[in-house]
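> Mind folding the following:
(one chain, ligands or ions: 1)
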Amino acid sequence: MGKMKLSTKILIGLILGIVVGFVVSPDFANTFIKPLGTLFIRLIKMVIVPLVFASLVVGASSVGDIKKLGRMGGKTVGYYLVTTAIAVIIGLFLGNVLQPGAGLQLPVDATYAGKEAPNVINVLLEIVPDNPLNALVSGSILQIIFFAILVGIGITLVGEKGNPVRSFFDGFAEIMYKITGFVMEIAPYGVFGLIAPVVAAHGLDVLAPLAMVILAVYIGCIFHAVVVYSTAVKYFAKMSPITFFKGIFPAQVIAFSTCSSAGTLPATIQCVEENLGVSKDVASFVLPLGATINMDGTALYQGICALFVAQVYGLDLSLGQQMTVVLTATLASIGAAGVPGAGLIMLTMVLTSVGLPLDGVALVAGIDRILDMARTTVNITGDASAAVVVAATEGDLNIPVVDNLSA
Ligand code: ASP
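Numbers count the residues shown, from 1 in each chain. Coordinates of the predicted model:
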């Protein structure tokens, strides 16, 4: 495997994992194969907090001018909101056309303890850490981002005295990138170890009754990625969509197998900088934020699931209610953490907003992992496209001329 490209190796890991998953028993997969995946996840999680903090401090301090930082923030959040709303609309459209819940009779006695939807004001207040060290220790990414940006701005404003601190974090961030590089080398094995137990646990029998939901979510995710992101990178950044998708592919496979945007973050940062030519300043600002608040795949899935649940219960969603879904699914996806299954919990909020029975969440819970794989992949692809677009409009993009994916 020596000279093979990393993305090819990861793809082989994925395919082998799927094949082996079909052959072995769930017990065998959990005992002997899963530890490989767990090891990979632990290694990748190990770098997230120090990487995000150090690179964001450096990113914010090297923007050098506060106005530019504000402009980048505005563009990033604007792009995130618009693409997320488009994603829900695609989800609703597919839910209406494909009717995934039509004719489906499932036992609806399952009880699912839905979580109460979080209060918007509290969510916003919680972005400000009352103790930044606590935020670092508990890995609250949004709080870490907030504090890191302020430290970066502080460094800029302090001037000369702030320089040693900046150099320290600069060096520290470089070291974290190096470690990410090592961890990525074992990604093919990690992906294998993550995917085989999932396939072993969800044989084809489990998937069949809900096949239409799975199909609708996968079609929607592929459509959104291919149409919306291709258009965005082509139009705003003059980047070929092929270059974009090739460059982000290793991170996509990791998202697909880990089901966590936050866990994929180091890989996303690496792909975007090394393969897509986005500057460190932009990547370290746009991507951690995106991994936390930008979830197009999750929003799309919530649109489809809302219609699915309505159809299963024989209820009709009016156009007005569907508009409500666009709004709540956009907010719910912002509120969902970048961890496995978060979107399912936030689905409660969407169903509540239009008065659908919360038992509906139980219907999709059984196949949620399969749906999570697709939506997480879209989530991180959306973040990467934002990084490319923001970098291009800020003049911080060096589109790679040669295909240098053999990292
Ligand atoms: N697993 C998703 C993510 O990390 C969130 C979700 O469950 O939708 O991006």
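> In this structure A85 contacts V326, no?
Yes. Using CB atoms under 8 Å, A85 is in contact with V326, at 5.9 Å. Placement of C-beta: from N, CA and C, glycine included.
> For this structure, list the residues in contact with the ligand, please.
Proximity of the chain to the ligand (CB under 6 Å from any ligand atom) is limited to residues 259-261, 295, 298, 336, 338-343, 372, 375-376, 379.
> which of those residues count as buried?
Buried members of the residues of the chain next to the ligand, scored by 16 or more other CB atoms under 10 Å, are 259-261, 295, 298, 336, 338-340, 342-343, 372, 375-376, 379.
> returning to what we had before: for the residues of the chain next to the ligand, point out the one with the lowest pLDDT.
Lowest-confidence member of the residues of the chain next to the ligand: A336, scoring 82 (pLDDT).
> so what's G263 up against?
Residues counted as contacts of G263 (CB atoms under 8 Å, 6 or more residues apart in numbering) are 41, 44-45, 48, 254, 338-339.
> Those residues, buried ones only, as a ChimeraX selection?
Per 16+ other CB under 10 Å, the buried members of the contacts of G263 correspond to this ChimeraX selection:
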select :41,44,45,48,254,338,339
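> Inside helices: which ones of the contacts of G263?
In helices, defined here by DSSP state H, the members of those are 41, 44-45, 48, 254.
> Would you reformat those residues as CSV and include pLDDT?
Formatted as CSV, the ones in helices among the contacts of G263 follow (pLDDT from 0 to 100):
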residue, pLDDT
I41, 82
I44, 81
K45, 81
I48, 82
I254, 95
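> The ligand: which of those is nearest?
I254 (11.4 Å; CB to the nearest ligand atom).
> I'd assumed T264 was in contact with the closest one.
Yes. Between I254 and T264 there is a contact at 4.9 Å, judged by CB under 8 Å.
> For those two, list the residues in contact with both.
With CB under 8 Å, 6+ apart as the test, I254 and T264 both reach I44.
> For this protein, which residue gets nearest to the ligand?
For the chain, CB to the nearest ligand atom, closest residue to the ligand: G343, 2.4 Å.
> Y218 against R375, yeah?
No. The pair Y218 / R375 is not scored as a contact, 9.8 Å apart, by CB under 8 Å.
> I'd like to know how far S138 sits from S55.
According to CB to CB, to the nearest Å, S138 stands 19 Å off from S55.
> now do E273
Where S55 is concerned, E273 sits at a distance of 10 Å (CB to CB).
> which of these two has more neighbours?
S55 (28 against 22; other CB atoms under 10 Å).
> The more buried one sits in which helix or strand?
Assigned by DSSP states H and E, S55 falls within helix 34-63.
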